[in-house]
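J.: Below is the structure, and that's it, no one-letter string:
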Ligand SMILES: [Zn+2]
C-alpha cells in the first residue's frame, strides 16, 4: 500500500475525468461520492454497510466533532477512524461553513471566528491554526483549509472581501498544516458567481500549492442553472493534475452535471437525510414511499437495484415501516439511496473510461424522464 498521497488520471471524456486518489488508508476511485458522517456516523448505517454500498471515503464535520465529543477526546481514543470503526480514508471539512450556518453569536475577525455552541451555548474560537489542529487530532486523511463564505445573494464587494480573507486564511492553513506525509490539505476556491473573482482565487491557491482544490460557495441556494454556469469555468481555473472537489453537492442530476464539467469529488447529506424522510432516489426519479399508492404494492422500489431494500423488501413493506415510524425504514431507504448514488458514480467511471460518457448521460436522463412505474 502506498505511503503517500497522490492522484492519477486514467481517462478523460470531454471534460469528465476518471482516476484514482491513492492514500495510505486506501484508494479513492474518482469521480467519487462521499457520504456524510457528521457526528462520527452516517446516520442509520453501520460503517460496514456504508463500505458495502461502494463508498471509498467518508466526510466528517469538524464543527460538530469539536463540540461533541471534542477532537481531544477522539484523539485520546485513537483517532476518528478507530472511534467510528471506519478504516478507509476520511475527509474533514474545516468547520468554517458550519459555524456560519449553525453557531450562535458569531464574530468574524482577521484572526478567525468566535462563536457559541448551538448545543450548550459554550464559547469557542476557530482560526486556520485551530482548524488544522482539530483536523490533525481527528486523524483526517484529507484536511480542508479554513475559509469563510458569505450567504448568497451577496454584493460583489462582500464576495471580494470574503474571498480575499479566505485566501489569507488558506496561506495560514498551509503554514499550520506543516509537513504530514500521507495526508493532504485542500485549498478552497471562493468568489461567488463572479468568474474573475473565481480566477483570482484559483491563482492565489495555486501559488500557495495544495494537494487538491475544492470549489466552495456553491449549492447555497443559487439554483442548478447558476451553479452549472459557474462550473462551466470554475474547474478549468484549477490545476489539471490535482483532484477537484465540489462541496455539498447534490441531487443525482447535479452530480452528473458536475462530473461532466470536470469535478472529481462530491459530498452531500441528501441521500442519507432523504432516506430518513421517506424519499428514495431511483433510476426513474424520486419516489415518496409514504404515498398511499405503495400500500398494496408487492414490487421492489427499483427492480434493477441490488441493495437490501430492493432485493428483499416490497414497496408495501417500506411504506408500512415508514408510516409506523419504525427505525428500519430510515435504515433501508438510506442504504438504497447511498447504493444508488454509488451506482451512478460507478456508471460514470466506467463510461468515462470507455469514452461513452455522452451516451451514459443520455440514458440517465431518458430513464429519469420516464417517471416512476405505474401504480398497481
Ligand atoms: Zn435499492
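T.: Cool, got the structure. Remember, it's a predicted structure, so these values are computed and weren't measured experimentally. Numbers count the residues shown, from 1 in each chain.
J.: List the contacts of residue 45.
T.: 35, 272, 331, 334, 335, 338 (CB atoms under 8 Å, 6 or more residues apart in numbering). C-betas here are computed from N, CA, C, even on glycine.
J.: can we see that at 6 Å?
T.: residue 334 (CB atoms under 6 Å, 6 or more residues apart in numbering).
J.: so how far is residue 152 from the closest residue to residue 270 other than its chain neighbours?
T.: Once flanking residues are discounted, residue 270 sits nearest to residue 251: 6.4 Å by CB to CB, 6 or more residues apart in numbering. Residue 251 sits 18 Å away from residue 152, going by CB to CB, to the nearest Å.
J.: Check residue 82 too.
T.: To residue 152, residue 82 is 39 Å away according to CB to CB.
J.: which stretches of this protein have low pLDDT?
T.: For the chain, residues meeting the criterion pLDDT under 70 lie at 1-2.
J.: So which bits of the longest helix along it are buried?
T.: Using DSSP state H to define each element, the chain has its longest helix at helix 327-354. The neighbour-count criterion (16 or more other CB atoms under 10 Å) identifies 329-345, 347-349, 351-352 as the buried residues of helix 327-354.
J.: Of those, which ones also sit close to the ion?
T.: Taking CB under 5 Å from the ion as the test, the ion is in contact with residue 336 out of those.
J.: Just list what the helix or strand hosting residue 367 packs against, helices and strands only.
T.: Assigned by DSSP states H and E, residue 367 belongs to helix 357-369. On a contact count with 3 or more CB pairs under 6 Å, 6 or more residues apart in numbering; DSSP states H and E, helix 357-369 meets helix 327-354.
J.: any idea how far the helix holding residue 367 is from the chain center?
T.: Taking CA atoms, centre = their mean, to the nearest Å, one finds helix 357-369 lying 23 Å from the centre of the chain it belongs to.
J.: any idea how far the residue of the stretch 51-200 of the chain found nearest the ion lies from residue 325?
T.: The ion sits closest to residue 53 of the stretch 51-200 of the chain, with a gap of 9.8 Å, by CB to the ion. Remark: distance between residue 53 and residue 325 (CB to CB) = 24 Å.
J.: what's near enough to touch the residue of the stretch 51-200 of the chain closest to the ion?
T.: By CB under 6 Å, 6+ apart, the neighbours of residue 53 are 338, 339, 342.
J.: same question, residue 352
T.: Neighbours of residue 352 in contact, by CB under 6 Å, 6+ apart: 11, 13, 16, 18.
J.: What of residue 177?
T.: The contact partners of residue 177, taken as CB under 6 Å, 6+ apart, are 132, 185.
J.: Can you pull the phi/psi pair for it?
T.: phi -60, psi -40 (degrees, to the nearest 10).
J.: Over to the one 4 residues further on?
T.: For residue 181, the backbone dihedrals (degrees, to the nearest 10) come out as phi -50, psi 140.
J.: Not counting residues beside it along the chain, what's closest to it?
T.: Nearest residue to residue 181 in three dimensions, chain neighbours excluded: residue 4, at 5.9 Å (CB to CB, 6+ apart).
J.: Just give me the neighbour total for that neighbour.
T.: 12 (other CB atoms under 10 Å).
J.: Then it would be within a strand, right?
T.: No - per DSSP: H, G, I helix; E, B strand; the rest coil, residue 4 lies outside any strand segment and is coil.
J.: My guess is residue 112 contacts residue 127. True?
T.: Yes - taking contacts as CB atoms under 6 Å, residue 112 lies within contact range of residue 127: 3.2 Å.
J.: overlap in contacts of these two?
T.: Counting by CB under 6 Å, 6+ apart, nothing touches both residue 112 and residue 127.
J.: who's in contact with the most centrally placed residue in the chain?
T.: Geometric centre of the chain, nearest residue: residue 267, 1.2 Å, by CA atoms, centre = their mean. Counting by CB under 6 Å, 6+ apart, residue 267 makes contact with 34, 36, 59.
J.: Let me have the residues you listed in CSV, extended by neighbour count.
T.: Formatted as CSV, these follow (neighbours: other CB atoms under 10 Å):
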residue, neighbour count
34, 22
36, 19
59, 24
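J.: Residue 72 and residue 100, how far apart?
T.: Per CB to CB, residue 72 is found 24 Å from residue 100.
J.: what does the stretch 251-376 of the chain put close to the ion?
T.: Applying CB under 5 Å from the ion, we find that the stretch 251-376 of the chain lies next to the ion at 305, 307, 309, 310, 336.
J.: Could you pull up the residues touching the second one?
T.: If I follow you right, that is residue 307. Taking CB under 6 Å, 6+ apart as the test, what residue 307 contacts is 335, 336, 339.
J.: Relative to the ion, which of those residues is nearest.
T.: residue 336 (3.6 Å).
J.: if we can go back for a sec, the more surrounded of residue 82 and residue 152?
T.: For residue 82 versus residue 152, the count of surrounding residues by other CB under 10 Å is larger for residue 152: 15 against 12.
J.: re the thing from before, ok, residue 72 and residue 100, which is more surrounded?
T.: Higher neighbour count among residue 72 and residue 100: residue 100, with 18 against 12, using other CB under 10 Å.
J.: That one sits in which helix or strand?
T.: Short version, using DSSP H and E: residue 100 is in helix 96-102.
J.: partner strands of whichever helix or strand comes after that helix, parallel or antiparallel?
T.: Toward the C-terminus, helix 96-102 is succeeded by strand 104-108 as the next helix or strand (DSSP H and E). Sheet pairing of strand 104-108 (DSSP bridges) gives strand 113-116 (antiparallel).
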